[in-house]
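A.B. asks: Structure here, sequence nowhere to be found:
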């Protein structure tokens, strides 16, 4: 499904997009049906062929209302909304370990612990678990500030070979990576790049394979609250490789941003 030219042939294509559409509808309801007014976003457009092979241009603003699209979802209870995962270890234990790591000198840290989240000029390979300290520009934000701006963890300059399957998980304030999986609250998100397929043929024909750079942005406001880290000046972020393609993947660094 990650290959654009053949995605619609995948049986899971429709239920996946239907689920995303459902989550979008729930998200808008949770935020009081807040209307997005950014013209750049509203006027972003896509081109599709219809059943008559006619090319049509669709803008974001054209498909925001399910009423206009003439369908609606069944009203059900969202039992999963407040069922957040629990941390892998008690928070007090984790904070004590993180405090010792914070105060340790560079020579006392593990090999893959990095105090600077800027990996310039050559980046860092993800051939092993990578853990780095990331500074937070704003701490102890008010509830109003959190509602107006989401705190975003940015893994920037992810340099990947086009033809490789690349996957790595991102965790915050982990004390034991060996037990980590998405069931724990420290989990922030996952980066996945799927081999588009067309480059496989190029590789078999000895044609040069290109690389590309991209960023991963993850909202962490609620995660920091649940980990009782909202008042900390920095956090420890762990990048945990999940595929062989990570061996040939580099990252330029990590930083915190805020978006409205």
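C.D. replies: That came in fine, so what should we check first? None of the values given here were measured: they were computed from a predicted structure.
A.B. asks: And residue 5, how close does it get to residue 218?
C.D. replies: The spacing between residue 5 and residue 218, counted by CB to CB, to the nearest Å, is 28 Å. Where C-beta positions appear, they are placed from N, C-alpha and C, glycine not excepted.
A.B. asks: what about the closest residue to residue 239 other than its chain neighbours, distance to residue 251?
C.D. replies: Computed as CB to CB, 6 or more residues apart in numbering, the closest residue to residue 239 that is not its neighbour in sequence is residue 130, at 4.4 Å. Taking CB to CB as the measure, residue 130 falls 7 Å from residue 251.
A.B. asks: Looking at those two now, which is surrounded by more residues?
C.D. replies: Looking at residue 130 and residue 251 with other CB atoms under 10 Å, you find the greater number of neighbours at residue 251, namely 26 against 21.
A.B. asks: residues contacting the more buried one?
C.D. replies: Taking CB atoms under 8 Å, 6 or more residues apart in numbering as the criterion, residue 251 is in contact with 119, 123-124, 126, 130, 155-159, 239.
A.B. asks: Which members of these are positioned in strands?
C.D. replies: Of the contacts of residue 251, the ones assigned to strands by DSSP state E are 124, 130, 155-159, 239.
A.B. asks: Which of the residues in stretch 23-42 are classified as buried?
C.D. replies: Within stretch 23-42, no residue qualifies as buried by neighbour count (16 or more other CB atoms under 10 Å).
A.B. asks: picking up where we left off before, between residue 130 and residue 251, what contacts are shared?
C.D. replies: Common contacts of residue 130 and residue 251, defined by CB under 8 Å, 6+ apart, comprise 124, 239.
A.B. asks: for the stretch 51-200 of the chain, which spans come out with low pLDDT?
C.D. replies: Judged by pLDDT under 70, the stretch 51-200 of the chain has its weakly predicted residues at 104-116, 196-200.
A.B. asks: residue ranges of the helices in it, please?
C.D. replies: Assigned helices in the stretch 51-200 of the chain, in chain order: 91-103, 143-148, 198-204 (criterion: DSSP state H, counting those that start in this stretch).
A.B. asks: Can you list the strands that the next helix or strand after the last one pairs with?
C.D. replies: As assigned by DSSP states H and E, the chain's next helix or strand after helix 198-204 is strand 211-219. With DSSP bridges as the test, strand 211-219 is paired with strand 150-161 (antiparallel).
A.B. asks: got the contact list for the most far-flung residue of the chain relative to its centre?
C.D. replies: When distances to the mean C-alpha position of the chain are computed (CA atoms, centre = their mean), the maximum falls on residue 52, with 36.9 Å. If you count contacts by CB under 8 Å, 6+ apart, residue 52 has none.
A.B. asks: ok, residue 82 to residue 250 distance?
C.D. replies: Counting by CB to CB, the separation of residue 82 from residue 250 is 39 Å.
A.B. asks: try residue 173
C.D. replies: Spatial separation of residue 173 from residue 250 under the definition CB to CB is 24 Å.
A.B. asks: Of those two, which one has the most company?
C.D. replies: Applying other CB under 10 Å to residue 173 and residue 250 shows that residue 173 carries more neighbours, namely 25 against 18.
A.B. asks: OK, contacts around the more buried one?
C.D. replies: Under the criterion of CB under 8 Å, 6+ apart, the contact partners of residue 173 comprise 94, 98, 186, 227, 229, 235-236.
A.B. asks: Tell me how far it lies from residue 187.
C.D. replies: Using CB to CB, we find residue 173 at a distance of 11 Å from residue 187.
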